[in-house]
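**Q** When you get a sec, could you give me coordinates for this:
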Amino acid sequence: MKIRIDIDTTPAEVREFFGLPNLKQLQEGLVDSISEHMKKGTAGFDPFTVMKSVWPTQLQTIEALQNAFVDSIKASAPTTEKKGGGGR
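**A** Sure, this is the predicted structure:
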């Protein structure tokens with residue numbers, strides 16, 4: 001037996017239901033602040049430096065990022081090897 005329940009709700013309603021905080025104003029303030037620093041040319045706020053601080057240390061080169069994507073694709077791909085080798 002399967003029972004399926006569909007609930008039509010907005011992300012804000014789900015957040016309120018679970019008691020999670022609304023971080024929209026904080027996020028907008030941070031983005032505005034970073035944008036303002038980037039426009040002024042403040043040291044350390046060029047796009048590359050900002051993104052470098054967001055990415056994990058091991059993914060800070062393009063090659064490492066590409067390898068991470070390839071590894072995740074290989075890990076999720078179904079294997080085609082046949083196990084066992086006996087007769088029928």
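**Q** For the residue nearest to the spatial centre of the chain, which residues are in contact?
**A** A centroid search over the chain (CA atoms, centre = their mean) returns residue 55, at 10.0 Å, as the residue closest to the centre. Under the criterion of CB atoms under 8 Å, 6 or more residues apart in numbering, the contact partners of residue 55 comprise residue 65. (C-beta placed from N, C-alpha, C; glycine too.)
**Q** Going by contacts, tell me the helices and strands next to the helix or strand of the chain with the lowest mean pLDDT.
**A** When each helix and strand of the chain is scored by mean pLDDT, DSSP states H and E, helix 47-54 comes last, with a mean of 74. Applying 3 or more CB pairs under 8 Å, 6 or more residues apart in numbering; DSSP states H and E, one finds that helix 47-54 makes contact with helix 24-40.
**Q** which regions of the protein lie under the pLDDT threshold?
**A** Segments of the chain classed as low confidence (criterion: pLDDT under 70) are 56-60, 80-88.
**Q** Map the structural domains onto the sequence of it.
**A** Domain ranges of the chain: 9-42, 46-76, per automatic domain parsing.
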